[in-house]
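> Build me a model:
(chains A, B and C)
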Amino acid sequence: MKNRAWLFVAPVLLLVALNALVPIMAVINYSLHYSFAGSAPEFAGLNNYIEVFTDPDFLGALRRQFLFSFCVLLVQIPLGILIAMQLPKSGKSVVVCLVLLGIPLLIPHTVVGLLWRIMTVYEVGIISKIFSYVFDYSYRVTQNPVDAVLTIFFLDVWHWTPLVVLLSYAGLVAIPDQFYQAAAIDGASAWKTFRYVTLPKLRAVLIIALLLRFMDSFMIYAEPFIISGGGPGNWNTYLNQYVARKAESYELGYAGAASIAYLYIVVVCCFIFYTIMTNLGKGIKR
Amino acid sequence: MARIALKSIYHSYTFSQKDAEKMSIPDECVGTEGFVVEDLDLLWEDGTANALLGPSGCGKTTILNIISGLLRPTNGTVLFNDKNVTGYMPKERHVAQVFQFPVVYDTMNVYGNLEFPLENRGVSKKDIRRRIETIAEMLDLDDKLKAPIGSLTPAEKQKVSLGRGIVREDTAAILLDEPLTVIDPKEKWGLRRKLREVQKELRITMIYVTHDQHEALTFADHVTVVKEGQLVQTGSPEQLYADPNSPFIGYFIGTPGMNLFDCVLTDAGLQSGNIVIPISEAIRSKLALTHGSSFQFGIRPEFVQISAPRKEKWHPFTVTAIESLGPYKILTLNSNDVEIKSRAPEDMNVSEEDHVWVNFPEDKSRIFHKDVRLV
Amino acid sequence: MKKRIIFLVCFYILLMFPIYWMIVNSLKTENEIFTMTTFFPKEITFANYIEIFTNPIWTDSLINSIIYVCLNVVITLLAAIPGAYAFSRWKFRGSNHLFFWLLTNRMAPAAIFMIPFTELYFTLKLFDTHLGVALAHCLFNIPLAVWILEGFMSAIPKEIDETAFIDGFSFFRFFRKVFFPLIAPGIGVAAFFVFTFSWVEMIIAKTLTGPLAKPMVVTIAVAQQAVEGTRWGLMSALTVVMILPGIFVVYFVRHYLAKGFSLGRV
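Numbers count the residues shown, from 1 in each chain, chains lettered A, B, ... in the order given. Alright, predicted model coming up:
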């Protein structure tokens, strides 16, 4: 029995371990050494980590990253639930609605970046034209930090809200009608029905949606790079890109330490989310 | 507390109410496809324990939802204490419903669940507390008020959903939709008894929907049997048992159901295969009034008289199966494709393939014609 | 009811507008894109598409993308189905921790891991091969597929397995005849997500490929930097082409998708 279980998970473990263990060992190894191009690496202890956590650029990128992920979740999750609640539950239109929702998800990050870049290029893109005609505002992604940050934000909302919608929709249709009938009989208002019936029943899918969106938004990379090269200044430089820059300039010790710190931060955050969400509202009076 | 009446109710999930108004339902649509409830007139007296019994898919849940106001019937009126409530929302009708599976609010504890319907109606905190304490005690939930809902057994959860209904003092009726479906067999009996107790104590109108005749007969004072969206018979459990008005009721109620077989009226009596059941003149004259000569003969297994030694004028049958049920046993008997069941005392000495002699006492026999009882 | 429809229409217009805009741009001439704002091309040109489908740079990389993504979907599902079955049916020592550990692999920031990754795949002699990229994408796709499938499988009562075994089904026959049809919608949903994430992934694909297996995402990214600001029409057409295989997949699994989503287990 137990042996059979291990036999079944063996391919999964093998494939993931191949891709995960060797590189992570190597990265931990980098993070513990100073390395300079052309010379042998030298043991550094935790110095690289100290450097990472005292580096204002890293901390800045980390702060921007948290702010970005927080805003993205704050908008996408409620918006996704709201839209999912408006979708038809049965009929021919269901398939059309779901398929259309799937389209943005299928576009590679780079292509999404490109698509939005085409729309926001100064004086050529449709969005910058709308801004200049309608609001008489010159929308310049490469020069105005506010424009740049907002573009990335709306791009991510556009690209990934459909994922939250799809997941929430799956959760919604699984709620038996009887729960809504009971709430109607108990005289619950629309808000209370949502708060005490819909939301608790969506818990499982919302955990998935929240974790997926958190992980992926925390690793945003290609889009800001394509839209504005991470600029103006460092305004659109998020953690992944910052670390990648260091890796590309062969500061392996620093980049390794930053990556491990970064991974650790994501895992801990996910674990906290997961624990809070699974225990939320259980056994509490109201 | 309310007396509930349904007047010429029709319901279809395919026709909307607008369609129905256009085509004046009762004339055009009787017997049409798509109607789950047809021409239903029912009455439930105030403060009674009632059962709504019928096979799966007969429209029971639809009827229940029409009473509670979750569904608006395509045609007909719903009266609560002679007041027309057809257009009322569930909340305005003050009915409570207990569903097939426990419907409870996961994020609240037992107290929160019981408090919810009162709070939504703006009852004061003090009254809520007083009310919940009374109800919790009645349902044996008083030591579980602080417990999270997730820690309860299905039976306790069902009690909580019943509690949400009776905690309101203005509840007109409680509708129970097969409430024992997911309950452990061991706990079914206890929960059913509790329901009955609560009904007696509060004198509240309860309508208990089930497909299980045993549950219906043990719970209710008054049973309504529905088949394919139409009323078949209504009455006390004893009435339904002793005087079924159709072969369907005869077979549906009682374990095992009534013995039924087709027969024709001849000069000698009622004949089925080579069995001829003699009938009295009084009955013969009754049967002669109806057209045709084909009838259905019915008799309950416990009224079938059997004898191992040969008896004059009794009918020969072969025992094909014996099922022992403790104090008595059920024999399956066969004679030229007429198969009947009979109840015999446990000590009766018979075995399979034996020949026995059978008599159908006239006063216990029922004769049906085209699904209607004649005698 | 009315309000709901208006809301949905607005949402779908906003959702589809960028895609519409891209399609329109891909059919315009470069001149039109730069000189005027038109919601429908004045002069429809297919030049961009003709260039994409006749230039081997684009066709080769498109084929490369399709090959490794399909390979990845197959490998991922083959590994994840039994894995998810084990997680959903048996509680074994450490199964919870193992599950969370699997998920953490989705969270690894790709950039730095690329250096050892490249070395690893060089050693395995899989650098610049389709199989290499397909195996590497298992890193984030297997956890996802196990996660989704485990949900679907847990929704199917264990009694079904037991009944089948009592009826004398061998394990593989049970899987093929009984279990597989039951979780088909789940596999459809998992396949869709696996396809999507492999199709859109760039960092790993870029590092592990050379001239032989270079995928579309990478070629586009390179071209975008090279022809900066000049060929918007071509870029738009490329974007449209990138979406097409995905739409084909969605169309192919649409019933499974709808059914899978309506089962409520994702």
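
> just for the chain, where's the confidence low?
As the question left the chain open, I've gone with chain A. Counting by pLDDT under 70, chain A has low-confidence residues at A:1-2, A:36-39, A:281-286.

> ah, no, chain C please
Short version for chain C, where the test is pLDDT under 70: C:1, C:93-94, C:109-112, C:225-230, C:257-266.

> domain ranges for it?
C:1-45, C:54-262 (automatic domain parsing).

> Looking at those, which one is packed in the most?
Ranked by mean neighbour count, the domains of chain C are led by domain C:54-262 with a mean of 19 (mean count of other Cβ atoms under 10 Å in any protein chain shown). (Each C-beta comes from the backbone N, C-alpha and C, glycine too.)

> Pull the distance from it to the chain's centre.
Domain C:54-262 sits 6 Å away from the centroid of its parent chain (Cα atoms, centre = their mean, to the nearest Å).

> so which of the domains of chain C gets nearest chain A?
domain C:54-262 (3.0 Å; Cβ to the nearest Cβ).

> right, is that closest one up against chain B?
No - applying Cβ under 8 Å from any Cβ of the partner chain, one finds domain C:54-262 out of contact with chain B, separated by at least 13.5 Å.

> rewinding a little: could I get the domains of chain C as JSON lines with distance to chain A?
Formatted as JSON lines, those follow (distance: least, Cβ to the nearest Cβ, whole Å):
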{"stretch": "domain C:1-45", "distance to chain A": "5"}
{"stretch": "domain C:54-262", "distance to chain A": "3"}
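
> Tabulate those in JSON lines, adding columns for distance to residue B:78.
Listed next are the domains of chain C as JSON lines, based on distance: least, Cβ to Cβ, whole Å:
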{"stretch": "domain C:1-45", "distance to residue B:78": "25"}
{"stretch": "domain C:54-262", "distance to residue B:78": "33"}
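
> The ones you listed: which one's closest to residue A:52?
Closest to residue A:52 of the domains of chain C, according to Cβ to Cβ: domain C:54-262, at 11.9 Å.

> Tell me the helices and strands packed up against the host helix or strand of residue A:160.
Assigning secondary structure by DSSP states H and E places residue A:160 in helix A:145-173. Helices and strands touching helix A:145-173, by 3 or more Cβ pairs under 8 Å, 6 or more residues apart in numbering or on different chains; DSSP states H and E, are helix A:56-86, helix A:93-105, helix A:109-120, helix A:203-218, helix A:222-228, helix C:2-26, helix C:254-262.

> Spatially central residue for the chain, please.
Here I'm looking at chain A. The residue lying closest to the centre of chain A (Cα atoms, centre = their mean) is residue A:217, at 2.1 Å.

> wait, I meant chain B there
residue B:53 (2.1 Å).

> got the contact list for that one?
Going by Cβ atoms under 8 Å, 6 or more residues apart in numbering or on different chains, residue B:53 touches B:209, B:210, B:211, B:213, B:216, B:223, B:224, B:225, B:226, B:252.

> Leaving out sequence neighbours, find the closest residue to the last one.
Put plainly, it is residue B:252. residue B:213 (6.1 Å; Cβ to Cβ, 6 or more residues apart in numbering or on different chains).

> Next, give phi and psi for the one you found.
Note on residue B:213: its backbone torsions stand at phi -60, psi -30 [degrees, to the nearest 10].

> For burial, what's the neighbour tally of it?
Close neighbours of residue B:213, defined as other Cβ atoms under 10 Å in any protein chain shown, add up to 23.

> That one and residue B:251 touch, don't they?
No - with contact defined as Cβ atoms under 8 Å, residue B:213 does not reach residue B:251; the gap is 10.3 Å.

> Let's verify residue B:79: helix, strand, or coil?
strand (DSSP: H, G, I helix; E, B strand; the rest coil).

> Mind pulling up the pLDDT for the residue nearest to the centre of chain B?
For residue B:53, the pLDDT comes out at 88.

> Which residue ranges of chain C form helices?
Shown for chain C, the helices assigned by DSSP state H span residues C:2-26, C:30-35, C:47-54, C:56-89, C:95-104, C:110-123, C:130-154, C:158-166, C:171-174, C:180-200, C:203-208, C:216-226, C:232-252, C:254-262.

> With distance to residue B:82 added, can I get the ones you listed in JSON lines?
Formatted as JSON lines, these follow (distance: least, Cβ to Cβ, whole Å):
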{"stretch": "helix C:2-26", "distance to residue B:82": "37"}
{"stretch": "helix C:30-35", "distance to residue B:82": "75"}
{"stretch": "helix C:47-54", "distance to residue B:82": "75"}
{"stretch": "helix C:56-89", "distance to residue B:82": "56"}
{"stretch": "helix C:95-104", "distance to residue B:82": "61"}
{"stretch": "helix C:110-123", "distance to residue B:82": "74"}
{"stretch": "helix C:130-154", "distance to residue B:82": "52"}
{"stretch": "helix C:158-166", "distance to residue B:82": "50"}
{"stretch": "helix C:171-174", "distance to residue B:82": "61"}
{"stretch": "helix C:180-200", "distance to residue B:82": "51"}
{"stretch": "helix C:203-208", "distance to residue B:82": "75"}
{"stretch": "helix C:216-226", "distance to residue B:82": "73"}
{"stretch": "helix C:232-252", "distance to residue B:82": "58"}
{"stretch": "helix C:254-262", "distance to residue B:82": "44"}
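
> Please, where are all the helices along chain B?
Using DSSP H, the helices of chain B run over B:17-23, B:25-29, B:60-68, B:90-93, B:110-120, B:125-138, B:154-166, B:185-202, B:213-219, B:237-242, B:247-252, B:281-289.

> least confident pick among the contacts of residue B:53?
Minimum pLDDT across these falls on residue B:252, with 81.

> can you list contacts of stretch B:364-373?
Residues contacting stretch B:364-373 (Cβ under 8 Å, 6+ apart): B:243-248, B:250, B:258, B:260, B:270, B:277, B:283, B:287, B:290, B:292, B:294-300, B:303, B:374-375.

> Could I have the buried ones of those as ChimeraX selection syntax?
The ChimeraX selection below is limited to those of these classed as buried (16 or more other Cβ atoms under 10 Å in any protein chain shown):
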select /B:244,245,246,247,248,250,258,260,270,277,283,287,295,296,297,298,299,300,303,375
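
> So which of the contacts of stretch B:364-373 belong to strands?
B:260, B:270, B:277, B:294, B:295, B:296, B:297, B:298, B:299 (DSSP state E).

> what sits against residue B:306?
B:317, B:331, B:333, B:342, B:344, B:348, B:356, B:357, B:358, B:359.

> and chain C, which of the residues you listed reach it?
Answer for those near chain C: none qualify (Cβ under 8 Å from any Cβ).

> any chance of those residues in a markdown table, plus distance to residue C:191?
Formatted as a markdown table, the contacts of residue B:306 follow (distance: Cβ to Cβ, whole Å):
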| residue | distance to residue C:191 |
| --- | --- |
| B:317 | 63 |
| B:331 | 59 |
| B:333 | 60 |
| B:342 | 61 |
| B:344 | 63 |
| B:348 | 66 |
| B:356 | 66 |
| B:357 | 70 |
| B:358 | 66 |
| B:359 | 70 |
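
> Quick one, which of those residues are buried?
B:317, B:331, B:333, B:342, B:344, B:356, B:357, B:358.

> From residue A:154, how far out is the closest residue to chain C within the stretch 151-300 of chain B?
Nearest residue of the stretch 151-300 of chain B to chain C, counting by Cβ to the nearest Cβ: residue B:182, 13.5 Å away. In this view, residue B:182 and residue A:154 are 47 Å apart by Cβ to Cβ, to the nearest Å.

> Kindly report the same for residue A:228.
Taking Cβ to Cβ, one finds residue A:228 at 14 Å from residue A:154.

> And these two? Which one has more around it.
residue A:228 (26 against 15).

> My understanding was that the more buried one contacts residue A:146; is that so?
No - with contact defined as Cβ under 8 Å, residue A:228 does not reach residue A:146; the gap is 11.9 Å.

> Report how many residues lie close to the residue of the stretch 51-200 of chain A found nearest chain C.
At 2.3 Å from chain C, residue A:174 is the closest residue in the stretch 51-200 of chain A, using Cβ to the nearest Cβ. Residues within reach of residue A:174, counting by other Cβ under 10 Å, total 18.
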